[in-house]
Each structure stands twice: as structure tokens, then as C-alpha cells.
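**Student:** all I have is the shape, not the residue letters:
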């Protein structure tokens with residue numbers, strides 16, 4: 001979480017509790033965050049006797065840090081960060097992704113998705129990692145980032161530029177190695193770039209990890225990706241809908257969906273911090 005003034009100066013927000021509060025208010029920009037929710041998040045459901053008074057004190061201190069165009073207003077039953085949504089990088093990211101989804105022209109969508117992903121630098125709210133609130137605050141945005149990487153890869157493949165998505169997909173898969181949809185997109189890009197061996201190595205690495213960590217075989221999407229690469233001698237298109245799905249090996253269950261694996265992986269999730277787009281609160 002980083003607060004940027006109109007002049008582009010980064011303002012330090014002291015204490016983790018204040019960073020958590022400002023993060024929560026920013027992620028809910030222009031929506032009221034109930035005082036009870038702030039108390040519950042800050043003290044993980046076990047607040048001290050004077051928790052509300054402490055929150056009021058933190059709010060007062062945060063107000064002193066905000067520059068023009070940003071303010072924390074008291075609105076029953078809590079507080080709201082009043083700010084133009086695009087001054088919060090997370091919301092700017094979301095708006096760009098939504099705009100890309102509405103574009104029929106793939107090249108335009110690629111530009112918007114790249115701008116959106118360019119706002120990221122490392123895991124979201126990294127300075128809060130390890131605190132219980134981090135998971136609830138950061139995970140939805142990390143999921144959205146991964147969806148954006150997959151959407152970018154799909155658009156690049158449509159215009160015949162799959163190689164451009166490989167590095168980003170590899171980085172994302174390194175952070176979320178059990179997300180099979182990411183692995184399938186990476187395999188598709190490598191396959192369409194003529195790198196069948198690399199694509200099969202991705203499959204094997206994910207297969208081993210699923211087996212070792214979850215006792216599962218790859219799900220249908222990843223098995224289809226492997227089957228398509230193995231048929232590459234026949235120049236089969238990578239459309240994700242053709243070919244046979246090999247049966248899971250005896251003794252292990254097939255993973256039900258990418259979401260199932262992602263849910264399990266949430267215990268050790270990673271996420272990225274958003275780059276500033278001055279002036280911004282994040």
C-alpha cells in the first residue's frame with residue numbers, strides 16, 4: 001500500500017493498522033466501510049475494549065496525510081474514502097480490464113490489458129503480508145490479475161503473437177503453480193510459438209506438483225492442452241475443445257477444476273503490489 005500526493009511524492013503511512021485501514025478504505029473507495037468492519041479487520045474479531053476510540057484516532061491521523069482531492073468522510077455507519085476511482089490503482093486496473101473485455105478489436109484490447117497489468121509491481125499489499133487481513137483484502141485482486149494475464153494471452157494468440165505472453169504467464173504461474181488455466185494458456189502460447197518441448201515441460205511440472213501437494217491428476221483443461229501439443233505433428237489448432245482427454249492415473253482423483261486447486265492454494269497465495277499512477281492511494 002502506497003500513498004502518492006499530487007506532486008508525485010510518496011507519503012509514508014506509519015503503523016500496520018493505519019496501512020490496513022487506508023488499504024481497506026481505498027479498495028472500497030467511495031463506499032462506506034462500517035466502523036464495525038474496520039474494528040473486526042484490525043483486531044481479527046477480538047477487539048480491545050476501546051477499539052472504536054482507537055479507530056477514530058487512526059482516522060484522524062490518516063486525514064492529515066491525504067492531499068487535495070482525497071478525503072476520509074464520516075458517513076454512518078462508518079467512513080468513506082472520497083476520491084476519484086482512477087486515483088486508486090486497483091480500481092484503475094479494474095476499469096482497464098473491463099474496457100478491454102468490451103473491445104472487439106484484439107489489438108485495442110491488448111493495449112488496455114498491458115496498461116492494466118503495467119500498474120502492478122510485486123504482490124498486492126506486500127507490506128501487509130503475514131497479517132490475517134491480507135488474505136481477504138489482496139486475494140480478489142490477485143485473482144483479477146491472473147484473469148487479466150489469461151485474457152491478454154488469449155488476445156495475443158488471436159493476432160498471432162503468442163510469444164509476447166510467455167514471460168508474463170511464466171511469472172504468474174511461478175507464483176500460482178496450481179492454477180491449471182494459467183498453465184494451459186502458457187502451454188498454448190509455447191505450442192503456437194513452435195516450442196512443443198517447452199509446453200510439455202510445463203505440463204509435467206504442474207502434473208508433478210498436483211500429485212505431490214494435492215494427490216490429484218491434472219484436470220480436463222490441462223489434459224486437453226497436453227493432448228493438443230502431442231498432436232502438433234498434425235498441425236492441430238489449439239482451441240481447447242478438440243481431441244481426447246486422457247483418463248486420470250489409477251489411485252488419484254482428477255482435479256475438478258482450476259478453481260478447486262486455486263482454493264487450496266489460497267493458503268500460500270502470493271500477490272502483487274500496484275504501481276502508482278499519480279496522484280494515487282493504494
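**Tutor:** In hand now; what should we look at? Because the structure is a prediction, the values reported are computed rather than measured.
**Student:** mean confidence for stretch 100-113?
**Tutor:** Across stretch 100-113, the average pLDDT comes to 97.
**Student:** quick check: end-to-end length of that stretch?
**Tutor:** Terminal residues of stretch 100-113 are spaced 6 Å apart (CA to CA, to the nearest Å).
**Student:** where does pLDDT dip in the stretch 51-200 of the chain?
**Tutor:** Low-confidence segments of the stretch 51-200 of the chain (pLDDT under 70): 129-132.
**Student:** just the helices in it please.
**Tutor:** For the stretch 51-200 of the chain, applying DSSP state H, counting those that start in this stretch gives helices covering 51-65, 89-102, 106-117, 132-158, 163-175, 180-192, 196-214.
**Student:** comparing the ones you listed, which comes out most buried?
**Tutor:** Comparing the helices of the stretch 51-200 of the chain by mean neighbour count (mean count of other CB atoms under 10 Å), helix 180-192 comes out on top with a mean of 27. Yep, even glycine has a C-beta here, placed from its N, CA and C like the rest.
**Student:** just the angle for that one relative to helix 196-214, thanks.
**Tutor:** In terms of direction (axes from the mean of the first three to the mean of the last three CA atoms, to 10 degrees), helix 180-192 departs from helix 196-214 by 160 degrees.
**Student:** which outside residues touch helix 180-192?
**Tutor:** 146, 149-150, 153-154, 156-157, 162-163, 165-166, 169-170, 172-173, 176, 196, 198-200, 202-203, 206, 210, 218-219, 221-222, 224-226, 228-229, 232, 238, 240, 255, 257-258, 261 (CB atoms under 8 Å, 6 or more residues apart in numbering).
**Student:** what's the answer for stretch 46-62, then?
**Tutor:** 13, 15, 17-18, 21-22, 35, 38-40, 42-43, 72, 79.
**Student:** looking at neighbours, which among these is most surrounded?
**Tutor:** Greatest neighbour count in the contacts of stretch 46-62, by other CB atoms under 10 Å, goes to residue 21: 26 neighbours.
**Student:** dump the residue contacts of it.
**Tutor:** Each residue near residue 21 by CB under 8 Å, 6+ apart is listed here: 38, 42, 55, 58-59, 62.
**Student:** look up how far residue 212 lies from it.
**Tutor:** Look at residue 21 and residue 212: by CB to CB, to the nearest Å, they are 40 Å apart.
**Student:** before we move on, what about residue 181?
**Tutor:** Separation of residue 181 from residue 212 (CB to CB): 20 Å.
**Student:** could you do residue 43 as well?
**Tutor:** Residue 43 sits 37 Å away from residue 212, going by CB to CB.
**Student:** again, but for residue 63
**Tutor:** According to CB to CB, residue 63 stands 50 Å off from residue 212.
**Student:** over to residue 3?
**Tutor:** Look at residue 3 and residue 212: by CB to CB, they are 42 Å apart.
**Student:** need the helices of the stretch 51-200 of the chain in CSV (columns: distance to residue 123).
**Tutor:** Shown next, in CSV, are the helices of the stretch 51-200 of the chain (distance: least, CB to CB, whole Å):
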stretch, distance to residue 123
helix 51-65, 23
helix 89-102, 13
helix 106-117, 14
helix 132-158, 7
helix 163-175, 8
helix 180-192, 16
helix 196-214, 20
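**Student:** now do the same end-to-end measure for stretch 97-111.
**Tutor:** End-to-end distance (CA to CA), stretch 97-111: 10 Å.
**Student:** one more: stretch 117-133?
**Tutor:** For stretch 117-133, the end-to-end distance is 24 Å (CA to CA).
**Student:** distance from the chain centre to that stretch, please.
**Tutor:** Computed by CA atoms, centre = their mean, to the nearest Å, the chain-centroid distance of stretch 117-133 equals 10 Å.
**Student:** and that stretch, what's buried?
**Tutor:** 117, 119-120, 123-128, 131, 133 (16 or more other CB atoms under 10 Å).
**Student:** and the furthest pair within those residues?
**Tutor:** Spatial extent of the buried residues of stretch 117-133 (CB to CB) is set by the pair 117 and 131 at 25.7 Å.
**Student:** in contact with the nearest residue to residue 63 once chain neighbours are set aside, which residues?
**Tutor:** Nearest residue to residue 63, sequence neighbours excluded (CB to CB, 6 or more residues apart in numbering): residue 72, at 5.3 Å. Contacts for residue 72 (CB under 8 Å, 6+ apart) come out as 25, 59, 62-63, 66, 79-82.
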